[in-house]
Structure formats: structure tokens, C-alpha cells
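# need the 3D shape of this:
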Amino acid sequence: MDAFAIFFVLVPVAIVVAILFRFAAGGLDQDRVKQYVEERGGKFVSADWAPFGPGWFGEKNDRIYQVRYRDHDGNEHEAYAKTSMWTGVYLTEDRIVQYAKPPIDPEDVESLEAENRRLREELARLKGKDRGSDAIRE
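From the prediction side, this is the model:
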């Protein structure tokens, strides 16, 4: 086989190997980010590769992902995660995109309704006193 034929065999094989390596690294990265989030009490939602995310310029080894997760309070976050096998996980530009709505406790509703009734009665009583004092002034 001449050098030209070897070139046309090795280049496609190298491309296929590089693509397989990228997919394998992506799977490991997502597992690493998921573990990072869950160790801190959160729930991992998704991670999408963001090759031009914050901090990409000049970066050689770390890969960047746009990550969504829920924290221990239920708030949904969106952040960028920089990671590689050797450097760990670093979250940047972490912001809450949806706040958790606290569940309404029926006891709280009942106590608020009772407080509203009490305040209405107090207001009616005070208005009644004002009318009585107006009659005295006349």
C-alpha cells in the first residue's frame, strides 16, 4: 500500500476515534456535573455542551456546559459548568431562573383568615367610635 492510500485510511479512522472520544468525555462530564450538584443537595436537570460559553477563550482542556438544576429549596438554576477529568467542576454565572413556590399550609390560611376577621371587626369598632365622637362634637 502506498503512502497516499494509508493517508486516506488513517484520517477517517482518526476522525472517528476523535468523535467517539468526545462523546465518551461528554458522558463522563455530565456524570461529574450531576454528582457535583447532588452532593450539594440539588437535583440535576440537564447539561448541554456550550463550546463558546464564558471562559472558553484560551481554554485548552476544560469543556463548558450550560447546566440546569434545582437547589435544595426547589429553585431552578441556570449556570455554566467548566469541567474536565483533572480539574473538577466550576460553576459560573449561576442564577435562579425560576423560584420555588412555597406550599401553602392550610393552618396558615386559617390563621390569616382569622386575623383578617379580627382586623375587620376592629376597623368596624373604630369607625363606630368615630361616628359617636362626631355626634358629640355637633
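
# so how far is Asn116 from Gln35?
Distance of Gln35 to Asn116, computed by CB to CB, to the nearest Å: 48 Å. No exception for glycine: its C-beta is placed from N, CA and C like everyone else's.

# after the longest strand seen in the chain comes which helix or strand?
The single longest strand within the chain, with elements called by DSSP state E, is strand 88-98. Toward the C-terminus, strand 88-98 is succeeded by helix 106-137 as the next helix or strand (DSSP states H and E).

# quick check: mean pLDDT across that next one?
Averaging pLDDT along helix 106-137 yields 80.

# and the pLDDT for Arg68?
94.

# domain boundaries for this structure, per the record?
3-101, 103-138 (automatic domain parsing).

# tell me how far the last one is from the chain's mean position?
Read it as domain 103-138. 43 Å (CA atoms, centre = their mean, to the nearest Å).

# what helices or strands is the helix or strand of the chain at the bottom of the mean pLDDT ranking leaning on?
The helix or strand of the chain with the poorest confidence is helix 3-39; it has a mean of 75 (mean pLDDT, DSSP states H and E). In terms of contacts (3 or more CB pairs under 8 Å, 6 or more residues apart in numbering; DSSP states H and E), helix 3-39 is packed against strand 43-49, strand 63-70, strand 76-84, strand 88-98.
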